[in-house]
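Next input, structure requested:
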Amino acid sequence: QLQLVESGGGMVQPGGSLRLSCAAVGSTLDLYAIGWFRQAPGKEREGVASITRSGDSTIYASPVKGRFAISRDNAKNAVYLQMNSLKPEDTAVYYCAAGFFGLDRERYGHWGQGTQVTVSS
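Below is the predicted model of the structure:
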């Protein structure tokens, strides 16, 4: 049974950076495309970035394009989300998910429990 564990969240000032990690327990991540999603209070969960099984293709939501970068290291069984130039509107709980490539929640069947990211001065 695949379990996903996110880490790296925290509080940062606007313009700062954070790197989120997603680790797998119970299976290998290279069997799946991986997506990062976020959910702010009172809002629906939205796709942020996705990466294919091999890592040869990525896709980003428009609000984060050019600021966020998704990557994976299959040898370490981990996926990362580098977040730069953070804005207050990036504040949310961030989740990683395993499934099929894309930004739609319905493509993913395995979810982590999330990590809080707060951008505030």
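
Strands along the protein, start to end?
3-7, 10-12, 18-25, 33-39, 46-51, 58-60, 68-73, 78-83, 92-99, 108-111, 115-119 (DSSP state E).

As TSV, those strands with mean neighbour count and mean pLDDT would be great.
Backbone N, C-alpha and C define where each C-beta goes, glycine included. Formatted as TSV, the strands of the chain follow (neighbours: other Cβ atoms under 10 Å; pLDDT from 0 to 100):
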stretch	mean neighbour count	mean pLDDT
strand 3-7	18	96
strand 10-12	14	98
strand 18-25	19	96
strand 33-39	24	98
strand 46-51	22	98
strand 58-60	17	98
strand 68-73	18	97
strand 78-83	22	98
strand 92-99	23	98
strand 108-111	18	97
strand 115-119	18	98
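
Pull the distance from stretch 10-20 to the chain's centre.
Relative to the centre of its chain, stretch 10-20 is centred 14 Å away, using Cα atoms, centre = their mean, to the nearest Å.

Now the terminal residues of that stretch, how far apart.
By Cα to Cα, to the nearest Å, the extent of stretch 10-20 from end to end equals 10 Å.

Name the residue closest to the centre of this protein, please.
Nearest to the geometric centre of the chain sits residue 36, at 2.6 Å (Cα atoms, centre = their mean).

Understood, closing this out.
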